[in-house]
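[1] Need a 3D model of the sequence below.
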Amino acid sequence: MKRFLSIFMIFILSVLPALADPLPLLDDYAEDIVIPYDESDPSAGVFSYSYRYPHVDENAEGGMGVYVFFSELLDYENEFIIPMIQDAYEGSDTSTVVTYTITCNNDDYFSVLIRTEKNIPDHSQVTWKGHVFSRTNGMNGATYSLPMVLGILSPDENDEWLQEYQTEKVETLVRQMVWSMIEENADSVDYSGISEETLAASFFPSEDFYLDDNGDPVFYLQPYDILDEVPEGTDLFTFPITLEDILDEL
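    Numbering: from 1, shown residues only. Okay, here's the model as predicted:
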């Protein structure tokens, strides 16, 4: 009997797909650009742009899609964003610092949270952007939306009506769930700048999220979307909700 069970387990393991290891990381895509507008005149201002992005092994299982995304992002920043900022604020001190945090790196998903801090004349702002990549059914250079993570929309779905329907359905639900969390925690967190109208206007759950270590979504609100004045050091407003809880309500 034991021999039969052993053979049976070996057979089962042999037909199951092999689990992938976490995506291996290579040296970051990183550059620190510092350019004086006029080297002979320090008062003419300095342009500064520093970025750090994850560099995954493109040859690893599920790595190509992430590799293509950040390669294209870097091309876009170097060819468009950096020259645009440099030209727009010539003669003034400006700085941009881009960093990242890997929030999920498991067999199914790779997720990062990008933080961008911009300092331009008379204005400073920090923004965040979450990105989610599928390692098993991903698209080169493209991220996963919430309906795709939930499995209610295929990444190769071309029916625009179905895309809009599924997206609107899940966004309406998640906004309701986040609003309930805001009401429940109003005594411990200052949510005075948030209303249901604010959520409808500035919170898009299908894109405004990243995944945690367990592969569950963490939704976020940008501080500048809900606060009239954003104190220095203000972090994201985050709302973790499990995939199971969302699917139970759909």
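[2] going forward, measure contacts between C-alpha atoms and count neighbours the same way
    Noted.
[3] Please, where are all the strands along this structure?
    In the chain, the strands defined using DSSP state E lie at 29-36, 46-53, 94-105, 109-120, 123-134, 209-211, 217-221, 237-240.
[4] Which one of these lies nearest to Ser192?
    strand 237-240 (12.5 Å; CA to CA).
[5] Spell out which strands sit alongside that closest one in the sheet and which way each one runs.
    Strand pairing for strand 237-240, using DSSP bridges, gives strand 217-221 (antiparallel).
[6] Enumerate the beta-bridge partners assigned to Asp32.
    In beta-bridge terms (that is, DSSP bridges), Asp32 pairs with Ser50.
[7] And for it, the neighbour number?
    12 (other CA atoms under 10 Å).
[8] sorry, back to before: just the strands of the chain: most buried one?
    Counting by mean count of other CA atoms under 10 Å, strand 209-211 has the highest mean neighbour count of these, with a mean of 27.
[9] Distance to Leu247 and mean pLDDT added to the strands of the chain, as CSV?
    Below are the strands of the chain laid out as CSV (distance: least, CA to CA, whole Å; pLDDT from 0 to 100):
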stretch, distance to Leu247, mean pLDDT
strand 29-36, 37, 90
strand 46-53, 32, 93
strand 94-105, 20, 96
strand 109-120, 18, 94
strand 123-134, 18, 93
strand 209-211, 16, 98
strand 217-221, 12, 96
strand 237-240, 14, 94
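[10] low-scoring stretches of the chain, by residue?
    1-20, 42-44, 228, 230-231 (pLDDT under 70).
[11] Next, count neighbours for Asp159.
    Around Asp159 there are 8 residues (other CA under 10 Å).
[12] and the gap between it and Ile35?
    48 Å (CA to CA, to the nearest Å).
[13] and if you look at Gly141?
    Taking CA to CA, one finds Gly141 at 31 Å from Ile35.
[14] got it, and Ile241?
    From Ile241 to Ile35 the distance is 44 Å (CA to CA).
[15] And the helices in the protein?
    2-15, 64-76, 82-88, 146-150, 160-184, 196-202, 223-226, 243-249 (DSSP state H).
[16] could the strands of the chain go into JSON lines alongside distance to Ser180?
    Formatted as JSON lines, the strands of the chain follow (distance: least, CA to CA, whole Å):
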{"stretch": "strand 29-36", "distance to Ser180": "40"}
{"stretch": "strand 46-53", "distance to Ser180": "35"}
{"stretch": "strand 94-105", "distance to Ser180": "25"}
{"stretch": "strand 109-120", "distance to Ser180": "25"}
{"stretch": "strand 123-134", "distance to Ser180": "22"}
{"stretch": "strand 209-211", "distance to Ser180": "17"}
{"stretch": "strand 217-221", "distance to Ser180": "14"}
{"stretch": "strand 237-240", "distance to Ser180": "11"}
